[in-house]
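>>> Got a sequence here, can you model it:
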Amino acid sequence: MRAVLDPGVLVAGLISAAGAPRALLTLWLEGAFELICSALLIAELERVLLRPKFRTYATESEVRAFLELLNRLAAIVPDPPPLPGITPDPNDDYLVALARSSGARVLVSGDRHLCDLVDPQPPVLTPRAFLDRVQPPAE
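Numbering: from 1, shown residues only. From the prediction side, this is the model:
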């Protein structure tokens, strides 16, 4: 299954050792789903993670290593043409466009502007809902 993870989900997965975002990163590395990224998504992630307030959670070298991991192991696709006005927040429009153009089956986000969309294509799932979908059942 191909999935686009909102940069906020990726940030949470890096800086917190617990929770659904971290579990999703682990499952991605184990091959449970294909993570779709683009240059624009990785650039946004880099801008956010290199802010001084994140030094408490990850060093600059850890951030660089994480970005390199994404560039190496995620499916990097071209940035899609813009779809202005598809979400209430213009900064989120590219995520829906990326998910659509890449053939992603789901967009994973905790952002209310995305989670509250009516009948989005592809569906928008919270990290917990997507985790429940891809996590193997407990034995």
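
>>> ok, now how distant is P7 from G85?
From P7 across to G85, the span is 21 Å (CB to CB, to the nearest Å). For the C-beta atoms, the positions are set from N, CA and C on the backbone; glycine is no exception.

>>> Can you pick out the residue with more neighbours from the two?
Set P7 next to G85 and count neighbours by other CB atoms under 10 Å: P7 wins out with 22 against 8.

>>> what about the strands in this structure?
Using DSSP state E, the strands assigned to the chain run over residues 2-5, 34-37, 75-76, 106-108, 124-125.

>>> can you tell which of those is closest to R64?
strand 34-37 (15.6 Å; CB to CB).

>>> Report the strands that pair with that closest one, each with its relative direction.
strand 2-5 (parallel), strand 75-76 (parallel) (DSSP bridges).

>>> residues in contact with the shortest one?
Contacts to strand 75-76, defined as CB atoms under 8 Å, 6 or more residues apart in numbering, come from residues 2, 34-39, 42, 102.

>>> still on that earlier bit, determine which stretch of the strands of the chain is the most buried.
Among those, the stretch with the highest mean neighbour count (mean count of other CB atoms under 10 Å) is strand 106-108, at a mean of 27.

>>> same for that one, what does it pack against?
For strand 106-108, the contact count by 3 or more CB pairs under 8 Å, 6 or more residues apart in numbering; DSSP states H and E identifies strand 2-5, helix 93-102, strand 124-125, helix 127-134 as packing neighbours.

>>> rerun at 10 Å
Applying 3 or more CB pairs under 10 Å, 6 or more residues apart in numbering; DSSP states H and E, one finds that strand 106-108 contacts strand 2-5, helix 7-15, helix 20-29, helix 93-102, helix 112-115, strand 124-125, helix 127-134.

>>> other SSEs contacting the helix or strand of the chain with the lowest mean pLDDT?
Lowest by mean pLDDT, DSSP states H and E among the helices and strands of the chain is helix 112-115, with a mean of 87. Here helix 112-115 touches helix 93-102, strand 106-108, strand 124-125, going by 3+ CB pairs under 10 Å, 6+ apart.

>>> Turn these into CSV, including distance to L131 and mean pLDDT.
Shown next, in CSV, are the helices and strands packed on helix 112-115 (distance: least, CB to CB, whole Å; pLDDT from 0 to 100):
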stretch, distance to L131, mean pLDDT
helix 93-102, 18, 95
strand 106-108, 9, 97
strand 124-125, 9, 96
